[in-house]
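Need coordinates for the following:
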Amino acid sequence: MENKEKGILPPKGTDGRYKDIMHLHIQGLVLVLVLIIALASSFSILGRTILSMMMDSFGNSVNPEDLTMVLDVYGFGNMAANGIKIFSAVTSALGVISYVAAFVSLAAAIFIIVRMKERISEIVDDPAPYENPIRVKKAPFVWLGFLLGAYGGHLFLLKKKKAWIFLLLGVLGMEIIPLFLYTSGISFADAFMACFIEKDEDGYIEMEDYPYWL
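Residues are numbered from 1 along each chain as shown. A predicted model of the protein is given here:
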């Protein structure tokens, strides 16, 4: 029988596997946020590289002295020179920030993944019996969790009503980023955990049917 979906967090005083799963989900959310920062920084570096190449190409085809003389005729010489200096300073600063953000976020992502693996080991090695065990095919659950988890793909395997809510949140998340961040983070954590659960001879794994939203 399917459990009714419960509140956002486990009740106060909850310990053991449920508490570890909650922490794992939080780590998953932080990981997705860090990866988004890394992706944005990488695109910023790529954009600056392309812009720099275009500017170099443009600079080779135009004599700066001739351009300055033309602008001086219309009284824009000093304004253009100051504008170029400001533009160069801003782009240089943004470049430094982008590189720092990219490296720091990648390092943070690796750190979080290591901590998530440690948390998963605690969940899997917990000797306490499952409170609400559920069996599911490992391969489809993992692949759907990683690829379509933001839209509740893996939850449909569990035949949970939450899957339809995740699907709605994932679609809305294409416009409202925090919603997509939430569904992606939770789904990544679930799929990542399933990777380290041993499957039986039929390809099934047994895991806790976690009823909370975080």
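
going forward, measure contacts and count neighbours with C-alpha atoms only.
Fine.

In space, what's closest to the residue nearest the centre of the chain - neighbours in sequence excluded?
What sits nearest the mean C-alpha location of the chain, by CA atoms, centre = their mean, is V32, with 2.2 Å. Excluding the flanking residues, the one nearest V32 by CA to CA, 6 or more residues apart in numbering is G185, at 5.6 Å.

so who does the one you found touch?
25-32, 150 (CA atoms under 8 Å, 6 or more residues apart in numbering).

For Y204, see how far away W213 is.
As for W213, its distance to Y204 is 24 Å (criterion: CA to CA, to the nearest Å).

can you list the contacts of G185 in CSV and add pLDDT, distance to I45 and secondary structure?
Below are these laid out as CSV (pLDDT from 0 to 100; distance: CA to CA, whole Å; DSSP: H, G, I helix; E, B strand; the rest coil):
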residue, pLDDT, distance to I45, secondary structure
H25, 96, 30, helix
I26, 96, 29, helix
Q27, 96, 27, helix
G28, 96, 26, helix
L29, 96, 25, helix
V30, 96, 23, helix
L31, 96, 21, helix
V32, 94, 20, helix
A150, 93, 27, helix
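
Strands of this protein, start to end?
Applying DSSP state E to the chain gives strands spanning 133-137, 204-208.

which intervals of the protein have sub-threshold pLDDT?
Applying pLDDT under 70 to the chain picks out residues 1-5, 51-52, 54-85, 87-92, 94.
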